[in-house]
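Undergrad: Sequence plus predicted model, see below.
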Amino acid sequence: MINKTNVKNFFFLSFSEGVSGLLFFIALTYAARVLGPDPYGRIMVARSVMLYFLMLVNAGLDIYGIREGSRDIHRIESLLGKIIPLRLLLSAITFVLLALLLQVFPDDQETRRLVMVYSGMIILTALSIEWYFQCTERMGLPAIGRLLCEAVFIIVVFLAVKSREQLLWIPVARVLGMFIQQLFYWMFSFREFGLIRFQCNRAEWISILKKSLPMGFGIIMVQIYYYLDSLMLGILSDYSQAGLYSAVYRLLVAAIIITSMLNKALYPRLSTLFKTSLEEMTALMNDGLRYLAIVACLIVFHGFILASWCIPLLYKDMYVPAIPVFKIVIFNLMFVVINGLLAHGILAADREKKYMAAVTLGAVINLIFNMLLIPAFNMYGAASATILSEMAVLIYFFRIYRTIGIAVDWKRIAGIYGIALAVSVVVYIAVFRYSLIGAIAVFNVLYLTILYHTGLLPKEKVAEMLAHVKGVRQRRSRG
């Protein structure tokens, strides 16, 4: 079951991810409005390229460190001493590979310069020790670090970016924000450990990489079917299409960030329970999946209904052609939230190779469908490829969980989605044509009421929340 520590960590991450994600979203929305689709598309293509190279530096070592450190806190200092120099070596290799890529990069000096400035993130990723605070379940410090990073980013973007001529300030702002974030982390680690003693043992590095690389490879595959769409639109179509798609896809990413906070909060606990109680791990997984499914349905309905109103408001009328694309891609959230927690469960259960196979399948399907659909359908093809890849991964996860002893309650998830679909259709047909606000209100009340009376929204949890709200009001009235 979800305990108080899980709840505390979730709210720490909720606050930090929510606020930092909002700051990042506001900064990119501002950039999209000021720059227009073509320059914004170039930024997204350059950023996508750099994210793939950052995965080479990460190599799954964050997840490995969290898993091993949460199981034995006495190993943390030793893990820091091994992982940091290993990632510095990987960053040197990554710089060489990036330099080779830039030699054959398309003859586009503007995008090439953007990639070069973004490359400052490579060394900062190598020096990242955020995983150390996560494995000790002290989520407050990562929360502050992320807020610092995004605060610096949005301040620099708002002050420096006024037109296309200031395009390079966007990657500069990102690198500067990451530098402040890592400086903050290292200040706290110095107080606890002093100077970290690097342990450069080739045999130990190889042993670590054998365990972390499947996780790192899996992360690269996930990045492929999260960010390949924008990159391939820039290559197979044009930067304007990439800019339009990236702008509305950013709304989906914001929703993914919100829902993924629970996965990160539960992962250390799942790793521990796999070694101590498979029954408790199963209960924790199913609780998490239930809440994620409920929240996903709420976000998808509201996103679909409000798209025609909020996209012009956020991005100006030049992004109106992307509204139908958003109404397609928002449904991907229903698969992403489930796949995210299932993936963390598989990693917690030491099934790195299974995870790697699943996300590789999704990445390959995404690549194939992007190549087939983008030339003919542009943004619509990219949106369809994303959903198809997530569906494939979910089907494969279904097969994996039948073999590892964790009984996922698939009927409950299907029930939540089925109720959401039925209520959405009824509300859209009967209410939406008369009142947008009325449709939102009727859906929320009807959907949550049915979940409550069918037991899919636990009555005891609702009672606890209502009692908490009542207690807060009483304390305020007495104050």
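TA: Everything's here; your move. Residues are numbered from 1 along each chain as shown.
Undergrad: rest of the way, CA atoms for contacts and neighbours
TA: Will do.
Undergrad: And residue 129, its phi and psi?
TA: Note on residue 129: backbone dihedrals following degrees, to the nearest 10 are phi -120, psi 20.
Undergrad: Give me the pLDDT value at it.
TA: In this model, residue 129 is scored at 82, pLDDT.
Undergrad: For it, which residues are in contact?
TA: With contact taken as C-alpha atoms under 8 Å, 6 or more residues apart in numbering, residue 129 is in contact with 80, 182, 185, 186.
Undergrad: which of the residues you listed sit farthest apart?
TA: Across those, the two members that end up farthest from each other (C-alpha to C-alpha) are 80 and 182, 14.3 Å apart.
Undergrad: How about residue 458: what's its closest non-neighbour residue?
TA: residue 452 (6.5 Å; C-alpha to C-alpha, 6 or more residues apart in numbering).
Undergrad: and that neighbour, what pLDDT?
TA: pLDDT, residue 452: 88.
Undergrad: related to what we said a few turns ago, got TSV for the contacts of residue 129, with distance to residue 129 too?
TA: As requested, the contacts of residue 129 are arranged in TSV below (distance: C-alpha to C-alpha, whole Å):
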residue	distance to residue 129
80	8
182	8
185	7
186	8
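Undergrad: least trustworthy position among these, going by pLDDT?
TA: With pLDDT as the yardstick, residue 80 is the minimum among these, at 80.
Undergrad: chain center to the host helix or strand of the residue nearest to residue 458, what's the gap?
TA: Counting by DSSP states H and E, the secondary-structure element that holds residue 452 is helix 436-454. With C-alpha atoms, centre = their mean, to the nearest Å as the basis, the distance from the averaged C-alpha position of helix 436-454 to the chain average is 28 Å.
Undergrad: and what of stretch 63-70?
TA: For stretch 63-70, the distance from its own C-alpha centre to the chain's C-alpha centre is 19 Å (C-alpha atoms, centre = their mean).
Undergrad: so where's the stretch 101-250 of the chain uncertain?
TA: Regions of the stretch 101-250 of the chain meeting the criterion pLDDT under 70 cover residues 104-107, 135-139, 192-194, 215-216, 218-220, 222-226.
Undergrad: In this structure residue 383 contacts residue 328, no?
TA: Yes: in terms of C-alpha atoms under 8 Å, residue 383 counts as a neighbour of residue 328; the distance is 6.6 Å.
Undergrad: Which one of these two is surrounded by more residues?
TA: Counted by other C-alpha atoms under 10 Å, residue 383 and residue 328 do not tie: residue 383 has more neighbours, with 27 against 14.
Undergrad: which one is that one nearest to, not counting chain neighbours?
TA: Leaving out its chain neighbours, residue 383 is closest to residue 329 (C-alpha to C-alpha, 6+ apart), at 5.2 Å.
Undergrad: Could you do residue 243 as well?
TA: Closest residue in space to residue 243, ignoring its immediate chain neighbours: residue 41 at 3.6 Å, by C-alpha to C-alpha, 6+ apart.
Undergrad: Check whether that neighbour sits in a helix, strand or coil.
TA: Using DSSP: H, G, I helix; E, B strand; the rest coil, the structure places residue 41 in helix.
Undergrad: That one: what's it in contact with?
TA: Contacts for residue 41 (C-alpha under 8 Å, 6+ apart) come out as 230, 234, 239, 240, 241, 242, 243, 244, 246.
Undergrad: mind running it again at 7 Å?
TA: Residue 41 makes contact with 239, 240, 242, 243 under the criterion C-alpha atoms under 7 Å, 6 or more residues apart in numbering.
Undergrad: Which single one of these is nearest to residue 149?
TA: Among the contacts of residue 41, residue 243 lies closest to residue 149 (C-alpha to C-alpha), at 23.9 Å.
Undergrad: other SSEs contacting whichever strand or helix holds that closest one?
TA: Secondary structure assigned from DSSP H and E places residue 243 in helix 239-276. If you count contacts as 3 or more C-alpha pairs under 7 Å, 6 or more residues apart in numbering; DSSP states H and E, helix 239-276 packs onto helix 4-35, helix 37-58, helix 61-71, helix 202-236, helix 278-315, helix 333-348.
Undergrad: Out of these, which gets nearest to residue 88?
TA: Minimum separation from residue 88 across these (C-alpha to C-alpha) falls at helix 37-58, 7.9 Å.
Undergrad: For that closest one, what is the distance to the chain centroid?
TA: Counting by C-alpha atoms, centre = their mean, helix 37-58 comes out at 15 Å from the chain centroid.
Undergrad: what mean pLDDT does it have?
TA: Over the span of helix 37-58, the pLDDT mean works out to 87.
Undergrad: Report the buried residues of it.
TA: Neighbour counts over helix 37-58 (16 or more other C-alpha atoms under 10 Å) mark 37-58 as buried.
Undergrad: same check, this time on stretch 271-286
TA: Residues of stretch 271-286 classed as buried: 271, 272, 273, 274, 278, 280, 281, 282, 283, 284, 285, 286 (neighbour count, 16+ other C-alpha under 10 Å).
Undergrad: In terms of pLDDT, where does the spatially closest residue to the third one that is not a sequence neighbour sit?
TA: Going back to what we said before, that points to residue 273. Once flanking residues are discounted, residue 273 sits nearest to residue 281: 5.4 Å by C-alpha to C-alpha, 6+ apart. The model reports residue 281 with a pLDDT of 87.
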